[in-house]
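Colleague: pasting the sequence and the predicted model now:
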Amino acid sequence: MTTFDLFIIGAGSGGVACARRAASYGAKVGIAEARRVGGTCVIRGCVPKKLMHYGAHFGEALADARAYGWQIGERPPLDFEALCRARNQEIDRLNGIYIDMLKKAGVELFTGRARVQPRWSGDGFVVAVGEHEIHTRRILVAVGAHPSLPEIDGIEHAMTSDEVLEQVYPLPRRLVVVGAGYIGVEFASIFRALGADTTLVLRGDLPLRGFEEDLRRHLTDEMRAHGLKIQPDTRVERIERTSDGFALHTNRGVIACDRVIYATGRAPIPNTRGIGLEDLGVRMSDIGVIQVDRGYASNVKGIFAVGDCSDHGGHGLGAAQFDLTPVAIAEGRALAEAQFNDNPQTVAYETIPTAVFALPQASSVGLSEARARSLGYDVTIYRTRFRPMVHTLTGGSGRTMMKLVVDKASDRVLGCHMVGEDAAEIIQGFAVALTAGATKAVFDATVALHPTAAEEFVTMYQPAQS
């Protein structure tokens, strides 16, 4: 029998962050993982996706290089399967690093599916992992979520983000991506840049519901200019295998393709079922989201949850997507600080930056204009659109968009939004400013770094027409 101060179910980003922080304060910590250590982000999410984004970007960079004197002929061929293998090799390396980090922190790793037993051990719980029986005073559930698929005929022919980011396969000649969230937009944009004839199918009129409206429209225009086909107001009714691929039957006709990717949502299906929580009376939604308070505690004393599998009542503070790796990490660390260092911390949900790694990138922090107005703010809007400096020689038609949402009463900058190259890198810095409560006057007083795109955020002085 092994007794822990904290036992964590799920060795993804949130679980690992909490484990290492708690162990650094002297807590005896164990962690269980049924799959590979690192979770969605490292193994089948952010990291492999970003590597594929880099691969897609090189194609455009090669084409632009001719305008800068590089003697490059026709676009060289892409060995897509080599990209997939290199991606997977890096993920294997990171998986090993995460295992090593836990070992160095003194966290004991158990491989297998954990299940909380319906009995108590003194003042704590009993958890079974394979043949191991573990006693623990506290349990953290950090099991994340998995991709969801609709119940339509032929859905078994579709790939999810797991297969896209883990398998090695030929680059499809014709691809359909179904889903208007950031995962669908990223996949569609990346595969188009890699050379696939790609169609993005969405039920609404624009992708990225919940993001700033100007960002959504500008990114849609830019992706179309890059050759991505976007088909709005479309419902897929069934998928049929054909002699040369697949046929998507929709309310707007049939779309032929070689592969179908469904990216209609990961977060709605938490991996909480079948691990014993129901038997202990842990309060969950119909689909398994654990209901927690602002300290990440469930209704059962000693059981906590962070990340995609949890919800503390909705922060409603403006970010378009809260099921993000850095959020799980921040929540896990905050829990460890409160439980083992007597240092309660608050996660700054109001200023969580988020990025869409499309081509071009899009990124936001804080409130959209619509969200700010719905919360009762009287806002002033600053907006700019311009041709990036790199295209003064290439002749490219791409445009960058930036927008600030400012509270008239306090002059505080409530939201910062961008579509353009390096948007994610640029917004990270402005997230610090918004977290610190920067006003528009502070932005105006900041000396611009020239020549950069980022300087536009501190040189916009003329309010835009709303």
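Modeller: It's in. Numbers count the residues shown, from 1 in each chain.

Colleague: can you count the residues close to the spatially closest residue to G307 that is not a sequence neighbour?
Modeller: For G307, ignoring the flanking residues on the chain, the nearest one in space by C-beta to C-beta, 6 or more residues apart in numbering is A328 at 3.4 Å. All C-beta atoms are positioned from the backbone trio N, CA, C, and that covers glycine. For A328, the tally of surrounding residues (other C-beta atoms under 10 Å) stands at 29.

Colleague: before we move on, what about A23?
Modeller: 23.

Colleague: three-state assignment of it?
Modeller: helix (DSSP: H, G, I helix; E, B strand; the rest coil).

Colleague: quick check, central residue of this protein?
Modeller: L324 (4.7 Å; C-alpha atoms, centre = their mean).

Colleague: what does it show for phi and psi?
Modeller: Here the main-chain torsion angles of L324 (degrees, to the nearest 10) amount to phi -120, psi 150.

Colleague: tell me the confidence at the residue lying closest to it once chain neighbours are set aside?
Modeller: Distance criterion C-beta to C-beta, 6+ apart; nearest residue to L324, sequence neighbours excluded, is T354 at 6.3 Å. For T354, the pLDDT comes out at 95.

Colleague: what's across from T354 in the sheet?
Modeller: Taking DSSP bridges, one finds S364 as the beta-bridge partners of T354.

Colleague: that one contacts G366, correct?
Modeller: No. No contact is recorded between T354 and G366 when judged using C-beta atoms under 8 Å, the distance being 10.3 Å.

Colleague: comparing those two, which residue is more hemmed in?
Modeller: G366 (28 against 21).

Colleague: what's the closest non-adjacent residue to the more buried one?
Modeller: Of all residues apart from its sequence neighbours, G415 sits closest to G366 (C-beta to C-beta, 6+ apart), at 3.8 Å.

Colleague: give the contact list for the one you found.
Modeller: 212, 318, 364-369, 371-372, 403-405, 434 (C-beta atoms under 8 Å, 6 or more residues apart in numbering).

Colleague: contacting residues around stretch 324-331?
Modeller: Counting by C-beta under 8 Å, 6+ apart, residues outside stretch 324-331 touching it are 12-14, 17, 39-41, 45-46, 142, 144, 296, 306-308, 310, 347, 349, 352, 354.

Colleague: now, those residues that are in helices?
Modeller: Taking DSSP state H as the definition of helices, the contacts of stretch 324-331 contribute 13-14, 17, 39-41, 46.

Colleague: got a winner among these for most neighbours?
Modeller: For the ones in helices among the contacts of stretch 324-331, neighbours were counted using other C-beta under 10 Å, and G14 has the most, 34 neighbours in all.

Colleague: which one is that residue nearest to, not counting chain neighbours?
Modeller: Closest residue to G14 apart from its sequence neighbours, by C-beta to C-beta, 6+ apart: A328 at 3.2 Å.

Colleague: for that neighbour, helix, strand, or coil?
Modeller: On the three-state scheme (three-state DSSP), A328 is labelled helix.

Colleague: against which helices or strands is the lowest-mean-pLDDT helix or strand in the chain packed?
Modeller: Considering only helices and strands, the least confidently modelled element of the chain by mean pLDDT, DSSP states H and E is strand 114-121, at a mean of 83. Applying 3 or more C-beta pairs under 8 Å, 6 or more residues apart in numbering; DSSP states H and E, one finds that strand 114-121 makes contact with strand 6-9, strand 124-129.

Colleague: which element follows the longest helix anywhere in the chain toward the C-terminus?
Modeller: Longest helix of the chain, by residue count under DSSP H: helix 80-105. Toward the C-terminus, helix 80-105 is succeeded by strand 108-111 as the next helix or strand (DSSP states H and E).
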